[in-house]
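In: Sequence first, then the predicted structure, then my questions.
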Amino acid sequence: MSHSNMYDYICETPVVLRSIIKDRREITKEFVDFYKDKNIEQIYILGSGTSYHAGLNAKNFLEELLNMKVIVMYPTQFERGEKVFNTNTLVIGMSQGGQSLSTVAGLDSATEKGLYTAAVSENPRALIFDHAATKTRIMVGNELAGAKTKGFAGSTLTIELMLAELGIAKGIITEECVEGYIERMHRVIDNLVNITEAATAWYDRIRNEFLPAKRIIVVGYDNCYGDVLEGALKMLETVRQGVTGYDIEEFFHGIYNSITESAHVFYLASKGDYKPRTVKLIEILSEWTPHNYLIGTAEGVDEIQDKYCIAPFTEDPLFSCWEYIIPLQVVACLAPQELGINPDIPKDPQFHKRIGSKVLDGVRDNYVVEKA
C-alpha cells in the first residue's frame with residue numbers, strides 16, 4: 001500500500017518534537033517577554049477539534065507545573081456563555097491552521113472581558129494572530145493533510161513549553177525542575193518510533209477484521225482522555241464511519257448497553273488503577289462482540305491476543321499521551337486507503353468556506369498538492 005502524506009507526518013512526530021524542545025526559548029520568546037511581568041492567576045486554553053484535544057493533553061502537566069487552574073474549552077462555549085470572575089486570566093487561543101473563526105471569536109471575547117490573550121498557530125500568517133496580544137508558532141511545518149497528526153503532539157508541547165519558560169522567567173519554577181520534565185519528554189519522544197513500528201504491524205494483523213466496521217468506539221482514562229477524543233476524531237475524518245470516544249467510567253454508566261457484535265472497541269489501556277478494570281471490561285464485552293482491540297503494554301494482560309497492540313509504552317503519566325495516540329492515527333491513516341479514501345484530503349475541501357467556520361488561505365487548506 002502506498003503511504004500517504006499522513007503516514008509520513010506520523011513518522012515525523014519525534015523529529016518535530018525534538019526540534020521544538022531545542023528551539024523552545026526562541027519559539028516562546030515573544031510570549032515570555034510580554035507576560036513575564038503580568039500577574040496571571042488562571043489559564044483558559046481555547047481550541048476546536050485537534051487543538052482542543054491537545055489542550056486536554058497539556059492540562060495535567062500545566063497544573064502540576066504552575067500550581068494554577070487550567071481550563072480547556074471550546075472557543076464558542078467560552079465566547080457565548082463563560083463568565084470569568086478573575087481578570088488576571090490568560091486566554092490562549094490555539095488553531096494549527098490559524099484560520100478558525102470560532103477561535104477568533106473566543107480571543108475577541110477574552111479581550112472584551114479585559115483578559116490577557118495569546119494566539120498559537122503553525123501558520124505564520126494566521127488570522128488568529130491578529131486577535132491576540134502575542135503570537136507563538138507551532139513549529140511542525142505545514143501538514144498537507146486534513147487530518148492532523150504531528151501537529152497534535154506539537155500543539156501540546158508548544159503550550160507546555162510556553163508556560164514552562166514563562167514560569168522560569170517569573171521565578172515560579174526553576175530551570176532544573178523544567179529540565180527534569182524535558183528529560184522525561186525525551187524518553188517518550190525517543191520511544192515513538194518503536195510505537196509507530198508496533199502500531200503499523202498491528203494494523204496489518206487487524207485490517208481484515210476492522211475494515212468492514214461501521215460502528216467504532218474508543219475508551220480510555222487519565223491523561224489519555226485527550227487521545228480518546230482525538231483518536232475518535234481521526235477515524236471519523238478518514239474512515240468516515242460512526243466513531244465515538246468515552247472516558248471509561250462514563251462508558252460504564254450506560255454506554256455498555258449499546259454494545260452488539262457489530263461494535264469495534266479500542267481500549268487505551270495505559271498504566272494505572274483503571275487498567276485491570278479495562279481487562280475486566282474486555283472480558284465482559286467479549287460476550288457481546290468479538291472486536292476488542294487493547295492498546296498498551298503486556299503488564300496485567302493475562303491473555304494476549306493477536307488483535308491487541310502490545311507495545312513498549314513508557315507509561316509516563318504526563319507525556320505518554322504522545323505514544324497512545326499513534327496506534328489510532330495509524331489506523332486512521334492506513335484503513336481509509338484500503339477503503340478507497342485518500343486520508344490526506346477532506347471529504348469537501350471547501351466545507352469550512354461553505355459553512356463559514358474558517359477563512360481559507362489557499363496554503364494550509366491546499367490538500368491536493370502532489371508529493372515530490
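Out: Nice, thanks for sending it over.

In: since we're on the nearest residue to Asn39 once chain neighbours are set aside, how many residues are nearby?
Out: Distances taken as CB to CB, 6 or more residues apart in numbering put Asn88 closest to Asn39, at 5.0 Å, once the chain neighbours are dropped. No exception for glycine: its C-beta is placed from N, CA and C like everyone else's. By the criterion of other CB atoms under 10 Å, Asn88 has 12 neighbours.

In: ok, Asn88 touching Ile43?
Out: No. Taking contacts as CB atoms under 8 Å, Asn88 lies outside contact range of Ile43: 10.3 Å.

In: about what we covered before: which residues sit in contact with the residue nearest to Asn39?
Out: The contact partners of Asn88, taken as CB atoms under 8 Å, 6 or more residues apart in numbering, are 39-42, 116.

In: mind pulling up the phi and psi values for it?
Out: With angles defined as degrees, to the nearest 10, Asn88 sits at phi -80, psi 60.

In: Any stretches of the stretch 1-150 of the chain with poor pLDDT?
Out: Residues of the stretch 1-150 of the chain meeting the criterion pLDDT under 70: 1-3.

In: for it, what spans make up the strands?
Out: For the stretch 1-150 of the chain, the strands defined by DSSP state E, counting those that start in this stretch cover 42-46, 69-73, 89-94, 116-121, 134-137.

In: As JSON lines, those strands with distance to Ser19 and mean neighbour count would be great.
Out: Listed next are the strands of the stretch 1-150 of the chain as JSON lines, based on distance: least, CB to CB, whole Å; neighbours: other CB atoms under 10 Å:
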{"stretch": "strand 42-46", "distance to Ser19": "22", "mean neighbour count": "25"}
{"stretch": "strand 69-73", "distance to Ser19": "25", "mean neighbour count": "19"}
{"stretch": "strand 89-94", "distance to Ser19": "19", "mean neighbour count": "27"}
{"stretch": "strand 116-121", "distance to Ser19": "16", "mean neighbour count": "26"}
{"stretch": "strand 134-137", "distance to Ser19": "12", "mean neighbour count": "21"}
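
In: Minimum distance to Val363: which of these has it?
Out: With CB to CB as the measure, strand 116-121 is the member of these nearest Val363 (12.4 Å).

In: Mind listing the strands that closest one pairs with, and their directions?
Out: Sheet pairing of strand 116-121 (DSSP bridges) gives strand 89-94 (parallel), strand 134-137 (parallel).

In: CA atoms only: put that strand into PDB for me.
Out: Output of strand 116-121 as PDB, limited to C-alpha atoms (Å, rounded to 0.1, in the frame of the first residue of the first chain):
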ATOM      1  CA  TYR A 116      -4.800  38.600  28.700                       C
ATOM      2  CA  THR A 117      -4.700  36.800  25.300                       C
ATOM      3  CA  ALA A 118      -2.100  34.700  23.400                       C
ATOM      4  CA  ALA A 119      -2.500  33.000  20.000                       C
ATOM      5  CA  VAL A 120      -0.800  29.800  19.000                       C
ATOM      6  CA  SER A 121      -0.700  28.500  15.300                       C
END
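
In: State the separation between it and the centre of the chain it belongs to.
Out: 18 Å (CA atoms, centre = their mean, to the nearest Å).

In: How about stretch 316-328?
Out: The answer for stretch 316-328 is 9 Å, by CA atoms, centre = their mean.

In: gap between the two ends of it?
Out: End-to-end distance of stretch 316-328: 19 Å, with CA to CA, to the nearest Å as the criterion.

In: Stretch 71-82 too?
Out: 11 Å.

In: Residue most distant from the centroid, the protein?
Out: Glu287 (32.0 Å; CA atoms, centre = their mean).

In: in the stretch 201-350 of the chain, which spans are helices?
Out: Counting by DSSP state H, counting those that start in this stretch, the stretch 201-350 of the chain has helices at residues 225-238, 248-252, 275-285, 321-324, 326-338.

In: Show me the one of the ones you listed that comes nearest Ser51.
Out: Closest among the helices of the stretch 201-350 of the chain, using CB to CB: helix 225-238, at 10.2 Å.

In: and that closest one, what's its mean pLDDT?
Out: Summarised as a single mean, pLDDT over helix 225-238 is 97.

In: Outside of that helix itself, which residues are in contact with it?
Out: Under CB under 8 Å, 6+ apart, the answer for helix 225-238 is 6, 49-50, 52-57, 146-147, 149, 152, 156, 216, 218-220, 241, 243-247, 266, 268, 321, 324-325, 328-329, 331-333, 335-336, 341, 343, 346.

In: Check the residues you listed for burial and list the buried ones.
Out: Among those, the ones that count as buried by 16 or more other CB atoms under 10 Å are 6, 49-50, 52-57, 146-147, 149, 152, 156, 216, 218-220, 241, 243-247, 266, 268, 321, 324-325, 328-329, 331-333, 335-336, 343, 346.
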